[in-house]
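Engineer: Predicted model follows, preceded by the sequence.
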Amino acid sequence: MPKTILIDGYNLGLEKGTGVATYARNLSYEIDELGHKVNVLYGNRGGTSRNNLLREIAFFNSSNDEPSGALELLAKVSHILPSPLGLKAVDVPITGKVIPRSFEARLPKFDRLYNCSSGFDRVQLAHYLWGKISSVTLPEQPDLAHWTYPLPLRAKRAPNIYTLHDIVPLRLPYTTLDNKKRYLSLIKRLDKVADHFVTVSECSKSDIVDIVGISPERITNTYQSVHIPAKYREKPEEQLVREVEGTIGVGHKEYFLYWGAIEPKKNIGRMIEAYLTSNIEAQLVIIGARAWKSKGELRYINDNNIVDRSGIKSNVSIGNRVVLLNYVTFEMLVSLIRGAKATLFPSIYEGFGLPVLEAMSLGTPVICSNASSLPEVAGDAAVMVDPYDTGSISAAIRTVDADSDLREELSRRGRVQAEKFSQQEYRSRLKALYDRFL
């Protein structure tokens, strides 16, 4: 019998998306494929009007008409104040009166959407003030709540499962801005109220058990999958070439590609240094928003070697070696992955490493680190490097750049390896997990 499963939209509201947003979106589609209803809870500001049209407008509102000054401050304070009685969510009617096409790539699969005004901010504040795991009352009682991120929130009268993608704030504390004491406290409290935990690799599961102390029987590794629509994956080659050259000004198969946040964990600084010292002719394309400590990670980029497509520099010639973009749409990202000579992902630590799987599934060669979960994901289908050894990364870049037979073999192996993380395999693991609680 179909059941109702609630997931959160904590990361889904971000315009530029994250790996966790991709996880949540893919999860919603797999839940639907399992035959269950998918209800999604957002925590957007506003959207609690009794008027259905105003609630729909508020959900898609870009906040261009927000009040300013004292009124804005008052509104913010009133919205984030935690309630000792918990949260109450309201339906978001999606009637088509507001045109949603611009948001389609970011929306999950859903049967019903809910919103609780500033709900995620409020429950985090409640946890900070009182050490409390808040509860939420929903218009429809779910049979299961699957939280895609460690939020101090639970659904009443339903099993609550929490995904812990990794514990980077504890494993590599110098790579995140989290309050480590508060983060550990939250995970410990969730261990007392959660019915189960999910993670995305054996590496992450081992870290959670060893460092936090959660019992291994309470954690299931489901891994992940990627969902790339056929219209992007099978786009004609001639169209692909035009898009690549028109977007980044670099020829098809004439560049190495990295995409993801620009932050210490991703090891961008060593990657750029390794690329520059490799002295190859192919260019390096970096797609990613600047996160914390990004200035240090981009220390080797200067006016003499960068083409900045982010709008900061508009007068730099095409002849330079590094192309930097803040963001591209998912459709364009797929084209850029397919058009790359190879992809670079020398991360210091990953809970899973979704870009590696995305590249392999599209048949693009991968160079990635030999650390954390990446060997699990890449298997024998990538060139592995020591992420702390710039020379190792540089040598791998030179080797892959020069050897067309190796690139062809990596492409073949990558497609085979990616099948181990297919949507069917992922769905099977999810079904086995959910059947224990439904």
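Structural biologist: Now that the structure is in, tell me what you want to look at.

Engineer: need the next SSE after the worst-scoring helix or strand of the chain on mean pLDDT, C-terminal direction.
Structural biologist: For the chain, using mean pLDDT, DSSP states H and E, the weakest element among its helices and strands is helix 69-80, scoring a mean of 48. Scanning forward in sequence from helix 69-80, with DSSP states H and E defining helices and strands, the next element found is strand 87-88.

Engineer: Give me the distance from that following strand to the chain's centre.
Structural biologist: Taking CA atoms, centre = their mean, to the nearest Å, one finds the center of strand 87-88 at 27 Å from the center of the full chain.

Engineer: Equivalent analysis for stretch 122-136, please.
Structural biologist: For stretch 122-136, the gap between its own C-alpha mean and the chain's C-alpha mean amounts to 24 Å (CA atoms, centre = their mean).

Engineer: Name the residues of it that are buried.
Structural biologist: 122-127, 132-136 (16 or more other CB atoms under 10 Å). Yep, even glycine has a C-beta here, placed from its N, CA and C like the rest.

Engineer: quick one: average pLDDT of that stretch?
Structural biologist: Confidence over stretch 122-136, taken as the mean pLDDT, stands at 93.

Engineer: ok, back up a step: out of the buried residues of stretch 122-136, flag the one nearest to N52.
Structural biologist: Sorting these by distance to N52 puts V136 at the head of the list, at 20.7 Å, by CB to CB.

Engineer: how near is E202 to P93?
Structural biologist: Between E202 and P93 the distance, using CB to CB, to the nearest Å, works out to 42 Å.

Engineer: which one of the two has more residues nearby?
Structural biologist: Each of E202 and P93 had its neighbours counted (other CB atoms under 10 Å), and the higher figure belongs to P93 (16 against 12).

Engineer: Can you tell me the closest non-neighbouring residue to that one?
Structural biologist: Residue nearest to P93 in three dimensions, not counting chain neighbours: N52, with 4.6 Å by CB to CB, 6 or more residues apart in numbering.

Engineer: That neighbour: neighbouring residues, count only.
Structural biologist: N52 is surrounded by 14 other residues when neighbours are defined as other CB under 10 Å.

Engineer: same question, the one 5 residues further on
Structural biologist: Counted with other CB under 10 Å, the neighbours of I57 add up to 15.

Engineer: Same check on G19?
Structural biologist: Per other CB under 10 Å, the neighbour tally for G19 reads 19.

Engineer: Settle this for me: it is touching L354, isn't it.
Structural biologist: Yes - with contacts defined as CB atoms under 8 Å, G19 counts as touching L354 at a distance of 5.2 Å.

Engineer: Please give me every residue in contact with V193.
Structural biologist: Applying CB atoms under 8 Å, 6 or more residues apart in numbering, one finds that V193 lies in contact with 133, 154, 160.

Engineer: switch to 10 Å and redo it
Structural biologist: V193 is in contact with 133, 135, 152, 154, 160, 162, counting by CB atoms under 10 Å, 6 or more residues apart in numbering.

Engineer: Need phi/psi at the closest residue to the fourth one other than its chain neighbours.
Structural biologist: The spatially closest residue to R154, leaving aside those adjacent along the chain, is N160, at 4.6 Å (CB to CB, 6+ apart). According to degrees, to the nearest 10, the main-chain angles of N160 amount to phi -120, psi 120.

Engineer: does N160 really touch F437, like I thought?
Structural biologist: Yes - N160 is within contact range of F437, at 9.3 Å (criterion: CB atoms under 10 Å).

Engineer: So which of the contacts of V193 is the closest to L12?
Structural biologist: Nearest to L12, judged by CB to CB, of the contacts of V193 is Y162 at 16.5 Å.

Engineer: where do the contact lists of G19 and L354 overlap?
Structural biologist: Any residue near both G19 and L354 by CB under 10 Å, 6+ apart counts here, and that gives 200, 224, 260.

Engineer: So the second one versus Y258, what's the distance?
Structural biologist: Yep, that's Q224 we're talking about. 19 Å.

Engineer: ok, the two, which is more surrounded?
Structural biologist: Neighbour comparison, Q224 and Y258: the larger count goes to Y258, with 24 against 21 (by other CB under 10 Å).

Engineer: Where does that one sit, in terms of helix or strand?
Structural biologist: According to DSSP H and E, Y258 maps onto strand 255-259.

Engineer: Quick check: next helix or strand after that strand?
Structural biologist: If you walk from strand 255-259 toward the C-terminus, the next helix or strand you reach (DSSP H and E) is helix 268-278.

Engineer: by how many degrees do that next one and strand 255-259 diverge?
Structural biologist: With axes from the mean of the first three to the mean of the last three CA atoms, to 10 degrees applied, the angle from helix 268-278 to strand 255-259 works out at 180 degrees.

Engineer: and helix 268-278, what does it pack onto?
Structural biologist: strand 255-259, strand 283-287, helix 294-297, strand 322-325, strand 342-345, strand 366-369, strand 383-385, helix 390-402 (3 or more CB pairs under 10 Å, 6 or more residues apart in numbering; DSSP states H and E).

Engineer: surely E217 meets H196?
Structural biologist: Yes - at 9.3 Å, E217 and H196 qualify as touching, with contact defined as CB under 10 Å.

Engineer: Between these two, point out the one with more neighbours.
Structural biologist: Neighbours were tallied for E217 and for H196 using other CB under 10 Å; the higher tally belongs to H196 (17 against 8).

Engineer: check contacts around that one.
Structural biologist: Residues in contact with H196, defined by CB under 10 Å, 6+ apart, are 144, 146, 159-162, 217-220, 433, 436-437.

Engineer: R182: what's it in contact with?
Structural biologist: Contacts here follow CB under 10 Å, 6+ apart; on that basis R182 touches 124, 127-128, 131, 169.

Engineer: Great, nothing more from me.
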